[in-house]
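Undergrad: This is the structure alone, sequence omitted:
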């Protein structure tokens with residue numbers, strides 16, 4: 001398996017695809033295959049799928065097989081079919097699930113690290129943080145703060161923090 005070791009060391013399959021909806025980069029099974037083909041030499045790479053039902057759910061089991069001389073190594077990965085995927089018919093759902101499982105079988109075979117891939121990211125849109133209303137230290141609030149400080153009930157740091165004041169504000 002000298003050639004497999006060489007491929008694992010030299011393979012470069014950049015994330016050249018962009019998901020516009022989730023705003024992240026990714027690589028597809030096709031990207032990996034395009035990058036690995038020139039490195040195969042006399043070795044043979046095959047991909048196969050098997051449909052497996054587990055607990056009433058349908059999975060695609062993809063297997064990447066690497067054959068060099070008379071040795072063979074197989075790596076499998078599973079992906080679950082979505083029951084419904086907006087804009088896709090059932091054959092497209094199976095096809096995209098197959099591609100996904102094949103990608104991960106290839107990742108395992110060629111030691112491709114996908115730690116920053118879409119399925120490890122939280123792609124939900126973050127709620128914009130609402131700024132807390134700024135408390136204004138004037139009038140009644142100013143007088144109360146002054147009295148509380150004079151009585152030793154609060155420190156200047158506590159007042160500054162509560163009203164988001166700078167040292168200049170405090171001195172005034």
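TA: Thanks, I have it. What you are looking at is a predicted structure, and each value in this text was computed from that prediction instead of being measured. Numbering: from 1, shown residues only.
Undergrad: ok, which stretches of the chain are helices?
TA: 2-10, 29-36, 90-110, 139-150, 156-163, 167-171 (DSSP state H).
Undergrad: As CSV, the ones you listed with mean neighbour count would be great.
TA: All C-beta atoms are positioned from the backbone trio N, CA, C, and that covers glycine. Formatted as CSV, the helices of the chain follow (neighbours: other C-beta atoms under 10 Å):
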stretch, mean neighbour count
helix 2-10, 14
helix 29-36, 18
helix 90-110, 19
helix 139-150, 12
helix 156-163, 14
helix 167-171, 10
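Undergrad: Rebuild those helices as TSV, extending it with distance to residue 46 and mean pLDDT.
TA: Conversion of those to TSV gives the following (distance: least, C-beta to C-beta, whole Å; pLDDT from 0 to 100):
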stretch	distance to residue 46	mean pLDDT
helix 2-10	14	95
helix 29-36	11	95
helix 90-110	11	93
helix 139-150	75	78
helix 156-163	65	76
helix 167-171	71	61
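Undergrad: Export those helices as CSV, with columns for distance to residue 44.
TA: Below are the helices of the chain laid out as CSV (distance: least, C-beta to C-beta, whole Å):
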stretch, distance to residue 44
helix 2-10, 10
helix 29-36, 12
helix 90-110, 13
helix 139-150, 78
helix 156-163, 68
helix 167-171, 73
